[in-house]
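Fold the following.
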Amino acid sequence: MNMFETDIRQSITTAIRDLFSDKDRFHCIDVDAVVASITEHVLRFENFDSVNESNQYEVLYQLLGRAVAAAQGWKINCADQIEKPSQTQANLDSYMQQTYGAAQ
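Down below sits the predicted model:
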């Protein structure tokens, strides 16, 4: 994993954790599952070999935007359906499949 990929993974993790920081409302969500699933979804086809100093922020903000959009969409449409943390992954997988299609 190159330095840029490490940075983007950390940025995505921080952004998603911020979206679910209200512990009173989202105590039933397995945030680690959300972070892992969305990060893998966003980065699954990315090739970081072409990232350099002149385009690193453009790539960062594009990928971060995709991750936040996916997490926010799931949060708005599905998070209230979760009654216990163990339901998070299946619910998120279903949402991602319905919204973005099958992972390739």
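
Go through the lowest-mean-pLDDT helix or strand in the chain and flag the buried ones.
Among the helical and strand segments of the chain, the one scoring lowest on mean pLDDT, DSSP states H and E is helix 23-26, with a mean of 91. The neighbour-count check on helix 23-26 (16 or more other CB atoms under 10 Å) flags Phe26 as buried. Bear in mind the C-beta positions are built from the backbone N, C-alpha and C, glycine included.

just stretch 25-33 next, same as before
Those would be Phe26, Ile29, Asp30, Val31, Ala33, for stretch 25-33 by 16+ other CB under 10 Å.

Kindly list the longest helix within the chain.
Counting by DSSP state H, the longest helix found in the chain is helix 56-77.

any idea how far that one is from the chain center?
Computed by CA atoms, centre = their mean, to the nearest Å, the chain-centroid distance of helix 56-77 equals 7 Å.

Beyond it, next helix or strand please.
Next along the chain after helix 56-77, taking DSSP states H and E as the criterion, comes helix 88-100.

Thr13 versus the residue nearest the centre of the chain, what's the distance?
Per CA atoms, centre = their mean, the C-alpha nearest to the average position across the chain is that of Ile38, at 2.9 Å. The gap separating Ile38 from Thr13 is 10 Å, by CB to CB, to the nearest Å.

One more: Asn77?
22 Å.

Settle it for me: which of these two has more neighbours?
Thr13 (18 against 12; other CB atoms under 10 Å).

Could you find the closest non-adjacent residue to the more buried one?
Val35 (5.1 Å; CB to CB, 6 or more residues apart in numbering).

Which pLDDT value goes with the residue of the chain most remote from its centre?
Most distant from the centre of the chain: Ser54, at 24.9 Å, with distances by CA atoms, centre = their mean. If you check Ser54, the pLDDT there is 93.
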